[in-house]
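**Q** how does the following fold in three dimensions:
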Amino acid sequence: MSRIGKLPITIPAGVTVEISPENAVVVKGKNGELQAEFSREMTITQDGDQLTVTRPSDQKYLRALHGLTRALLANMVTGVSEGFNKTLEIVGVGYRVQLQGKKLVLGLGFSHPVEVEQPQGITFEVPNPNTIVIKGIDKQKVGQIAADIRAIRPPEPYKGKGIRYQGEQVRRKVGKTGM
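**A** Just a heads-up that it's a prediction; the model follows:
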C-alpha cells in the first residue's frame, strides 16, 4: 500500500470540495479556487472533513498514480486555505530588485534592467532590495515562477553572486592560484 496515498486529507473549516463523477475536483477556500482533473482509475471519496484516495489494484503505475493524486489534492487544499510562498535572495554587489506596479525590475549586473511581469494568481513582495517573496495558491505555479526568476542569474560557484532560494547552499570553488 502506498504510504502517501493511503493517508487521509483533512479538509479545514471554510474549504469546500466538489468531486464530479469524472474525477474533476474543485476546491474552494478563502484564498481562491483551484480545479483539476484526475485519472478515472483513482477513486476519490469525501467523508465529512476527510478526503481519501483509493486504487483498484496493485499495478506499478497505479501505485505511483495513487500517491501522486493524493499529494496533488493535499496541495490544492493547502493552497486555498493557507497558500504557498517561495523566498529568493539576491547576492552580489550592486544587485537589487524593485517592485514597480505589478512587475519586478531586477538589476543584476547586465547592461539593462530585467523586468518580470506578475502572472495571474501570483503576487510579488519585495521586503528589502535583496529579497523577493513569491506568493500564490498553486504550488506548481509558485515554484515555476521562482525557478524562472532564479534562472535569470543563477548563483555562480566562484563568488556566489546571483539569485538563490532562501537557505540554498552554493558550493564554492577555489579560483586560480598565483604562480
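**Q** run through the helices of the protein in chain order.
**A** 60-81, 139-152 (DSSP state H).
**Q** distance between the last one and the chain's centre?
**A** Mean-position distance between helix 139-152 and its chain equals 8 Å (CA atoms, centre = their mean, to the nearest Å).
**Q** in it, what's buried?
**A** Buried residues in helix 139-152, defined by neighbour count with 16 or more other CB atoms under 10 Å: 139, 141, 142, 145, 146, 149, 150. For glycine as for every other residue, the C-beta is placed from the backbone atoms N, C-alpha and C.
**Q** that helix vs helix 60-81, what angle?
**A** 90 degrees (axes from the mean of the first three to the mean of the last three CA atoms, to 10 degrees).
**Q** so for helix 139-152, mean pLDDT?
**A** If you average the pLDDT over helix 139-152, you get 96.
**Q** check the longest one too.
**A** Per-residue pLDDT over helix 60-81 has a mean of 94.
**Q** what's in contact with it?
**A** 2-5, 7, 9, 11-12, 14-15, 17, 25, 27-34, 36, 38-39, 41-42, 44, 51, 53-56, 84, 136-140 (CB atoms under 8 Å, 6 or more residues apart in numbering).
**Q** and if you look at the last one?
**A** Applying CB under 8 Å, 6+ apart, the external contacts of helix 139-152 come out as 75, 78-79, 84-86, 88, 104, 106, 108, 114, 116, 119, 121-122, 132, 134-136, 163-165.
**Q** before we move on, what about stretch 123-130?
**A** In contact with stretch 123-130 (CB under 8 Å, 6+ apart) are residues 89-91, 95-99, 102, 104, 118, 132-136.
**Q** CA atoms only: put it into CSV for me.
**A** Taking C-alpha atoms only, stretch 123-130 is exported to CSV below (Å, rounded to 0.1, in the frame of the first residue of the first chain):
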residue,chain,number,x,y,z
THR,A,123,1.9,38.1,-6.1
PHE,A,124,5.4,39.5,-5.6
GLU,A,125,6.6,41.2,-2.4
VAL,A,126,10.0,43.0,-2.0
PRO,A,127,10.6,43.4,1.7
ASN,A,128,14.1,44.7,1.1
PRO,A,129,16.2,45.3,-2.1
ASN,A,130,17.8,41.9,-1.9
